[in-house]
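Asker: sharing a model prediction with you, sequence too.
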Amino acid sequence: MTDIILHHYAVSPFAEKARIGLGLKRADWLSVDIPSVMPKPDLMPLTGGYRKTPVLQIGADIYCDTQLIMMELERRLPTPSFLPKGREGEARALALWIDRSIFGPAVGVVMSQVPVDERFGEAFKKDRSEFSGRSFDPERMKAALPIVRDQTYALMSLAETMLADGRPFLLGDTPSLADCALYNPVWFIQQQVGPTASPLDRLPRIIAWAARMTEAGKGGTRRELAASDALAIAKAANPEPTSVATDDPSGLKAGQTLTVTPDDTGRVPVTGTLVGLTADRISLARCDERVGDVVVHFPRAGFFVTPA
């Protein structure tokens, strides 16, 4: 199989979701370290403007957003599975709900307590203001701590309840896609604030579960790769075949020029030619002089698709 390449940086929580997934899959993968803030000159030729972290590269195919990244890992490395038999839809739906509902308040718990200027710097604040579309104000975040802490507690308490019957993981005996999604915000709080920082101190089953996830995710092998080498790999490869569903309710047709844009943060549109469309993903072909022809894949949930 063509090498799995993850473009990421160490403290990115969504990158940790992908990293724990790679570990659970016992994958051999290549790591490209990218900047945590813009500009990202060696990533943009691959994505066409998409700036979120992480990005998965397999040859000349580029996968954006961990919704899709995790499903692509599942497709290519089906054992052990992220999707418990008979509960595949439940695992995916729960993971998406966690990403969209728990992650935001959990990040607020971190950013309201860490010394932002000292730990992240002025460039980070400026970048995140552009990323989110609103001012990155540490004082406002500190004032919001009681709210985001209580929201995080209320939402994570649902997972605490799921674990109350003694199951080791959210959907049973093995880690699922939902576990990877929850691990992301829990890991971020533990790494940046403390292993038992509030509200985790009131969630003992989640703390024990996180330790099990950490241990289970230690499989596979990671090797470092220079960004220039990743670009060369893309240029030397051909994108894998894709097809456009002819009965899709959107009415989109192969060959249309479209833009795909995240609906929440990092709203940078990516423009390309429609070459792939299923119920849960959309794929655009593009060309860049540094990488040649690539196909950039996005999940459909959480992204706006419009004619260019």
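Answerer: Received the coordinates, thanks. Numbers count the residues shown, from 1 in each chain.
Asker: ok, the residue most central in space within the chain - contacts?
Answerer: Centrality entry for the chain: nearest residue to the mean C-alpha point is T66, 3.0 Å, by C-alpha atoms, centre = their mean. Residues near T66 by C-beta atoms under 8 Å, 6 or more residues apart in numbering: F14, K17, A18, P54, D99, A181. Just so you know, the C-beta spots here come from the backbone N, C-alpha and C atoms, and that holds for glycine as well.
Asker: closest to T257 among those?
Answerer: Nearest to T257, judged by C-beta to C-beta, of the contacts of T66 is P54 at 26.9 Å.
Asker: I figured that closest one hits V11, correct?
Answerer: No - the pair P54 and V11 fails to qualify as a contact (C-beta atoms under 8 Å) at a distance of 12.0 Å.
Asker: and those two? Which one has more around it.
Answerer: Neighbour count, other C-beta atoms under 10 Å: between P54 and V11, P54 has more, with 24 against 15.
Asker: that one and L96, how far apart?
Answerer: As judged by C-beta to C-beta, to the nearest Å, P54 and L96 stand 17 Å apart.
Asker: quick one, strands of the stretch 101-250 of the chain?
Answerer: 221-224 (DSSP state E, counting those that start in this stretch).
Asker: ranges for the helices of it?
Answerer: Using DSSP state H, counting those that start in this stretch, the helices of the stretch 101-250 of the chain run over 103-111, 116-119, 122-132, 138-143, 145-162, 177-192, 204-216, 227-236.
Asker: so can I have JSON lines of those showing distance to E72 and mean pLDDT?
Answerer: Listed next are the helices of the stretch 101-250 of the chain as JSON lines, based on distance: least, C-beta to C-beta, whole Å; pLDDT from 0 to 100:
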{"stretch": "helix 103-111", "distance to E72": "20", "mean pLDDT": "96"}
{"stretch": "helix 116-119", "distance to E72": "32", "mean pLDDT": "79"}
{"stretch": "helix 122-132", "distance to E72": "24", "mean pLDDT": "91"}
{"stretch": "helix 138-143", "distance to E72": "34", "mean pLDDT": "92"}
{"stretch": "helix 145-162", "distance to E72": "25", "mean pLDDT": "98"}
{"stretch": "helix 177-192", "distance to E72": "12", "mean pLDDT": "98"}
{"stretch": "helix 204-216", "distance to E72": "20", "mean pLDDT": "98"}
{"stretch": "helix 227-236", "distance to E72": "16", "mean pLDDT": "98"}
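Asker: sorry, back to before: inside helices: which ones of the contacts of T66?
Answerer: Of these, the ones assigned to helices by DSSP state H are F14, K17, A18, D99, A181.
Asker: which of those residues sit farthest apart?
Answerer: A18 and D99, at 12.2 Å, using C-beta to C-beta across these.
Asker: looking at those two, which is more packed in?
Answerer: Set A18 next to D99 and count neighbours by other C-beta under 10 Å: A18 wins out with 25 against 21.
Asker: what sits against the spatially closest residue to that one that is not a sequence neighbour?
Answerer: Excluding its sequence neighbours, the residue lying closest to A18 (C-beta to C-beta, 6 or more residues apart in numbering) is P54, at 5.0 Å. By C-beta under 8 Å, 6+ apart, P54 lies in contact with L6, H7, H8, S12, F14, A15, A18, T66, I69.
Asker: switch the cut-off to 10 Å
Answerer: Residues in contact with P54 (C-beta atoms under 10 Å, 6 or more residues apart in numbering) are 6-9, 12, 14-19, 31-32, 34, 63-66, 69.
Asker: how near is it to I20?
Answerer: 12 Å.
Asker: Serialize the ones in helices among the contacts of T66 to a markdown table and add fields for distance to S132.
Answerer: Converted to a markdown table, the ones in helices among the contacts of T66 look like this (distance: C-beta to C-beta, whole Å):
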| residue | distance to S132 |
| --- | --- |
| F14 | 15 |
| K17 | 19 |
| A18 | 21 |
| D99 | 16 |
| A181 | 21 |
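Asker: nearest to P115 among those residues?
Answerer: F14 (22.6 Å).
Asker: and the pLDDT at the closest one?
Answerer: Confidence at F14, expressed as pLDDT, is 98.
Asker: the spatially closest residue to D33 that is not a sequence neighbour: how many residues sit nearby?
Answerer: Nearest non-adjacent residue to D33, counting by C-beta to C-beta, 6+ apart: Y9, 6.1 Å away. Neighbour count of Y9, defined by other C-beta under 10 Å: 15.
Asker: now Y9. Its backbone dihedrals?
Answerer: phi -140, psi 160 (degrees, to the nearest 10).
Asker: whatever helix or strand S283 lives in: what's the following helix or strand?
Answerer: Using DSSP states H and E, S283 sits in strand 281-288. Next along the chain after strand 281-288, taking DSSP H and E as the criterion, comes strand 292-299.
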